Every structure is written in C-alpha cells, then in structure tokens.
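Peer 1: sequence isn't available, so here's the structure alone:
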Ligand SMILES: Cc1ncc(COP(=O)(O)OP(=O)(O)O)c(N)n1
Ligand SMILES: Cc1nc(C(=O)O)sc1CCOP(=O)(O)O
Ligand SMILES: [Mg+2]
C-alpha cells in the first residue's frame, strides 16, 4: 500500500482545498460533522488544528475524525508530533516556532507527510532541503482566525513557489473571492479555516471554494 508521503508525491492536487480545523468557528456543531461536510463538499486535505488541546485530546479527536475523512484525503495534525505518532495520522504540520522539520521526520519516519510553514524564500529552501513534503505560506490576507500572523505578499509567495520543487499552499484570509489573487503564483492549493468552518452550510462553502480554486490553479 502507498504511504501517505508517496500518495502526496503522486497526487499534489490533494492540496487544492486544504481544510484546517478550528473549534472556535463551529458554533455548537461537532467537529466530526463539520469535517464530514467539508470532505463531502470537496475538501482534499485536512489538518486538525486545536491550539488548546492536549496531546491525548488530539489523539482522541484524530481517531474520531479518521472515521469521517475519506481514505484518499490526507489527514495531518498541527504542531504535536507525539499526537501524530500515537494517532497514526498521515503526518504533521510544523511552523518556524515548532519542532524542526528534521525532528518531525526523525520521529514520524520516511512514510509520513511533513508540512512546514514558511514566510521567506530562505526558509522555504531550508525546509525543502530538510525533507518537507509541502510548504504553507501566509498570511496572504488579514484574518480573524490568527490576527497575529505575519503578512506575506503575493510576490513573495510567487518567489517561494519558483524556488522549490515541492508543492506550496497559501493560507490566511482565503475565501471564494480572495483565492482569485492566487492565479499565476504557482501554488498547489489554498488552506482555509473560517471560509469553511464558520460557514452555516459547510458542504456548500467547500463546493464554492473548490470551484473557485479550480478556476485559478
Ligand atoms: C497549511 C498551513 N500553513 C501554515 C500554518 C501555520 O503554521 P504555524 O506557523 O506553525 O502556526 P500555527 O498554525 O501552529 O498557529 C498551518 N497551520 N497550516
Ligand atoms: C492557521 C493559520 N496560519 C496562518 C499563517 O499565516 O501562517 S494564517 C492562519 C489562519 C487562517 O485562517 P482563515 O482561513 O480563517 O483566514
Ligand atoms: Mg505551528
């Protein structure tokens, strides 16, 4: 059977509509039902992101989410290497203040996906050299989900895409309208939190986002 890492290498389009969870946008709905709706609407990749959850909470949430996420949709955990290892997630996403990419690779092994957040070309080259499978670049637009996120302009995003041969996803303030700005940048996809999980109809929001992304990428 193909490993998650090998699957992503063969199917970079799996990054097109990258759903990042955030429990604060769910408005009383369960995470499981929201992620199921996102997947049914066309989300192609899922990241479990819960900055307040303990490792054991993440492992438990991961077990429940795995049951609703289709088998061909890669599923990674944000930040927590131990949770990703214990829960047997498809991989982990780490930022510049988290465990280093090399450490993530050492802990999870050669078959899992390691995604790395970068904001500059130098960081992108370093992450690629360290064995990252894809890069997350943001924040492209201001976002209430993470108001403290540093700005990255579209020119830097394009430079990063040109400088590495691994796929890049953009993140930060992306919605059905703003994804149009990604045209021509070279990104493989858009990572989205609130435009999916704050929507009253998540399935419909995912469909709209997927169509909008397919028009520009
Ligand atoms: C796809 C994707 N890109 C970027 C990030 C941000 O990661 P990081 O900088 O580590 O910040 P937190 O998400 O941990 O607050 C991401 N999570 N996903
Ligand atoms: C989790 C995260 N990381 C970012 C970064 O720039 O690294 S922006 C962000 C939140 C994105 O949320 P929304 O889709 O609601 O704008
Ligand atoms: Mg992080």
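Peer 2: Done, it's in. Note that the structure is a prediction, hence the values are computed from the model and not measured. Ligands and ions are numbered 1, 2, ... in the order given.

Peer 1: residues from this structure in reach of ligand 2?
Peer 2: Applying CB under 6 Å from any ligand atom, one finds that the chain approaches ligand 2 through 20, 117, 138-139, 143, 145-146, 149, 171-174, 192-195. Glycine gets a C-beta too; all of them are placed from N, C-alpha and C.

Peer 1: go again using 5 Å as the cut-off
Peer 2: By the rule CB under 5 Å from any ligand atom, the part of the chain lying against ligand 2 is 138, 139, 143, 145, 146, 149, 171, 172, 173, 192, 193, 194.

Peer 1: of these - the most surrounded one?
Peer 2: Counting neighbours by other CB atoms under 10 Å, residue 192 comes out on top of those with 29 neighbours.

Peer 1: just want the residue of the chain that's nearest ligand 3.
Peer 2: Residue of the chain nearest ligand 3, by CB to the ion: residue 95 (3.5 Å).

Peer 1: touching, that residue and residue 79? I think so.
Peer 2: Yes. Counting by CB atoms under 8 Å, residue 95 touches residue 79, with 7.5 Å between them.

Peer 1: for this protein, what spans make up the helices?
Peer 2: Applying DSSP state H to the chain gives helices spanning 4-10, 31-41, 55-68, 81-86, 101-108, 121-129, 154-163, 194-197, 202-216.

Peer 1: what is the fourth one packed up against?
Peer 2: Think helix 81-86. Packed against helix 81-86, as judged by 3 or more CB pairs under 8 Å, 6 or more residues apart in numbering; DSSP states H and E, are the following elements: helix 55-68, strand 75-78, strand 91-94, helix 101-108.

Peer 1: residue 170 is in contact with residue 182, correct?
Peer 2: Yes. Between residue 182 and residue 170 there is a contact under CB under 8 Å: 5.6 Å.

Peer 1: give me the common contacts of the two.
Peer 2: 140, 157, 190 (CB atoms under 8 Å, 6 or more residues apart in numbering).

Peer 1: ChimeraX command for the buried members of these?
Peer 2: In ChimeraX syntax, the buried subset of the shared contacts of residue 182 and residue 170 is picked out as below (16 or more other CB atoms under 10 Å):
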select :140,157,190
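
Peer 1: ok, the shared contacts of residue 182 and residue 170 vs ligand 1, which is closest?
Peer 2: residue 190 (9.4 Å; CB to the nearest ligand atom).

Peer 1: and the top strand by length along the chain, anywhere near ligand 3?
Peer 2: In the chain, assigned by DSSP state E, the strand with the most residues is strand 113-118. No. Strand 113-118 lies out of reach of ligand 3 by CB under 5 Å from the ion, never closer than 6.5 Å.

Peer 1: sheet partners, orientation included, of that strand?
Peer 2: strand 91-94 (parallel), strand 134-137 (parallel) (DSSP bridges).

Peer 1: mean confidence score for it?
Peer 2: Strand 113-118 carries an average pLDDT of 98.

Peer 1: same question, stretch 69-87
Peer 2: Here the average pLDDT along stretch 69-87 is 98.

Peer 1: ok, and what's touching it?
Peer 2: 4, 7-8, 14, 20, 35-36, 39, 43-51, 55, 58-59, 62-63, 65-66, 89-95, 98-99, 103-104, 107-108, 112-113, 115.

Peer 1: please pick the buried ones from those residues.
Peer 2: Buried, going by 16+ other CB under 10 Å: 4, 7-8, 14, 20, 35-36, 39, 43-50, 55, 58-59, 62, 65-66, 89-94, 98-99, 104, 108, 112-113, 115, out of those.
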